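[1] Please find the sequence and the predicted model below.
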Amino acid sequence: MGSGYGYGKVILFNEHFVVYGIPAIASAIDKKTVAEVKRCDGKEFIIHDNRPATPNYKEEKIEHQRESIMRIKKAMGIDECIEIWLHGDLRASSGIGASAASCASIARAISDEFDLNLDDEEINEIAYEGEKAYHGNPSGIDNTCATFGGLVWFIKGKGMERLKIGEAVEIVMGDTGIVANTKKAVEGVRERREKFRDKYDKIFSKAEEIVYEAKESLISANWKKVGELMDKNHEILQQIEVSCNELDFLVEVAREKGAYGAKMTGGGLGGYMVALTPGKELQEKVATAIEKEGFYALRAKIGI
Ligand code: MEV
């Protein structure tokens, strides 16, 4: 039996803009998907998906998951039937890198079961292949976080640079409970950008400005500034129409309770938002407020 893991992630700056080569900042979170794999009789694969999940997530992603596993097997040159068990403490939901975490975990578990001894670079490439089933043409940011962990500065096609912060910092991630389709969200931005090119060019320049300032602020642990920049990032994500009422509502709830900043995270149109809440006390206050409104709140840390 082979086993492997992949981290969940939170995009702190510039989801969507990253698809167009603008830098983004993301962090793995201290929650993972774990996979176990063993050879078995049969065709293709058998899966036991025991991950905790947002209702309907697994059902809605079943076809993507199937295609993803077939892509991973192909990329790894595995023809035999395999039995896969998925579990771990990362909730399978939209916006938290669940698909990338499962791809990285499965690739690692296959590598282990078949003694392929693949290194992290190779696992990352295979996870990227698997991600295509969920995302179409992903930037690669999710599989990079899922595979390597840590806080990263990421540019599509150029890869990542690790950002060092002194200590891991508390965040809260609020789940709208809406299972979203990242492929659709990305396509929507592409269509609107073609139609309203001038407007979008201005927004994209703003995204670039924000992320360079955010990098400096993160490195110097200036959390007030990081929070302000997250608010600004949310505003431009609203402008490119990838937020939704539920995300905006949870962002407001978090800000009212004292979060340093809050924004949607990931593909949007549902899924998660993230609030920066340094310190256990503030984290608890914001998480409890989100729960009181009837939503799931995840207490996590960035920069692990
Ligand atoms: C999804 O987690 C992030 C997007 O920027 C898509 C991508 O980067 O591939 C929306």
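    Alright, I've got the coordinates.
[2] give me phi/psi at residue 261?
    Main-chain dihedrals, residue 261, degrees, to the nearest 10: phi -170, psi 160.
[3] Leaving out the residues flanking it, which one is nearest to it?
    residue 227 (2.9 Å; Cβ to Cβ, 6 or more residues apart in numbering). C-beta here means a position set from N, CA and C on the backbone, and glycine is covered the same way.
[4] and that neighbour, how many neighbours?
    By the criterion of other Cβ atoms under 10 Å, residue 227 has 21 neighbours.
[5] Under a three-state scheme, what state does it occupy?
    In three-state terms, and counting by DSSP: H, G, I helix; E, B strand; the rest coil, residue 227 is helix.
[6] can I assume it is in contact with residue 282?
    No - in this structure residue 227 lies outside contact range of residue 282 using Cβ atoms under 8 Å: 10.9 Å.
[7] Overlap in contacts, these two.
    residue 259 (Cβ atoms under 8 Å, 6 or more residues apart in numbering).
[8] Contact partners for the residue nearest to residue 261?
    Counting by Cβ under 8 Å, 6+ apart, residue 227 has contacts 259-262, 276.
[9] Please identify which pair of these lies farthest apart.
    260 and 262 (8.4 Å; Cβ to Cβ).
[10] Flag every buried residue along the helix or strand harbouring residue 126.
    If you go by DSSP states H and E, residue 126 is part of helix 120-135. For helix 120-135, a neighbour-count test (16 or more other Cβ atoms under 10 Å) marks 122-124, 126-135 as buried.
[11] which one of the residues you listed sits closest to residue 215?
    For the buried residues of helix 120-135, the nearest to residue 215 is residue 124 (21.8 Å; Cβ to Cβ).
[12] ok, now how distant is that closest one from residue 64?
    Spatial separation of residue 124 from residue 64 under the definition Cβ to Cβ, to the nearest Å is 19 Å.
[13] What parts of the stretch 1-150 of the chain come near the ligand?
    11, 15-16, 18-19, 135, 138-139, 141-142 (Cβ under 6 Å from any ligand atom).
[14] rerun at 5 Å
    Taking Cβ under 5 Å from any ligand atom as the measure of proximity, the stretch 1-150 of the chain contacts the ligand at 15-16, 18, 138-139, 141-142.
[15] Neighbour-wise, which one of the residues you listed leads?
    Highest neighbour count within these: residue 142, with 32 neighbours (other Cβ under 10 Å).
[16] Remind me which helix or strand it belongs to.
    With DSSP H and E as criterion, residue 142 is part of helix 141-148.
[17] so what strands line up beside the next helix or strand after that helix?
    Later in the chain than helix 141-148, the nearest helix or strand by DSSP H and E is strand 151-155. Strand 151-155 has the following strand partners under DSSP bridges: strand 24-39 (antiparallel), strand 159-162 (antiparallel).
[18] Would you tell me what the next helix or strand after the longest one is?
    Which is strand 24-39. That would be, after strand 24-39 and using DSSP H and E, strand 45-49.
[19] Please, where are all the strands along the stretch 201-304 of the chain?
    Remark: strands assigned in the stretch 201-304 of the chain by DSSP state E, counting those that start in this stretch are 261-264, 272-276, 296-302.
[20] With mean pLDDT, distance to the ligand and mean neighbour count as extra columns, can I get these in CSV?
    What follows is the strands of the stretch 201-304 of the chain, written out as CSV (pLDDT from 0 to 100; distance: least, Cβ to the nearest ligand atom, whole Å; neighbours: other Cβ atoms under 10 Å):
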stretch, mean pLDDT, distance to the ligand, mean neighbour count
strand 261-264, 98, 10, 28
strand 272-276, 98, 10, 31
strand 296-302, 96, 15, 20
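[21] Tabulate those strands in TSV, adding columns for distance to residue 178.
    Conversion of the strands of the stretch 201-304 of the chain to TSV gives the following (distance: least, Cβ to Cβ, whole Å):
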stretch	distance to residue 178
strand 261-264	11
strand 272-276	10
strand 296-302	12
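[22] What's the end-to-end length of stretch 163-181?
    Its first and final residues considered, stretch 163-181 spans 29 Å by Cα to Cα, to the nearest Å.
[23] tell me which residues in it are buried?
    163, 165, 169-181.
[24] How about stretch 1-15?
    In stretch 1-15, counting by 16+ other Cβ under 10 Å, buried: 2, 4-15.
[25] State the mean pLDDT of that stretch.
    Stretch 1-15 shows a mean pLDDT of 98.
[26] Helices of the stretch 201-304 of the chain, residue ranges please.
    223-239, 245-256, 280-292 (DSSP state H, counting those that start in this stretch).
[27] Around the ligand, pick out the residues from the stretch 151-300 of the chain.
    266-267.
[28] The buried residues of stretch 163-181: which two are farthest apart?
    Across these (Cβ to Cβ), the longest gap, 32.6 Å, separates 165 and 181.
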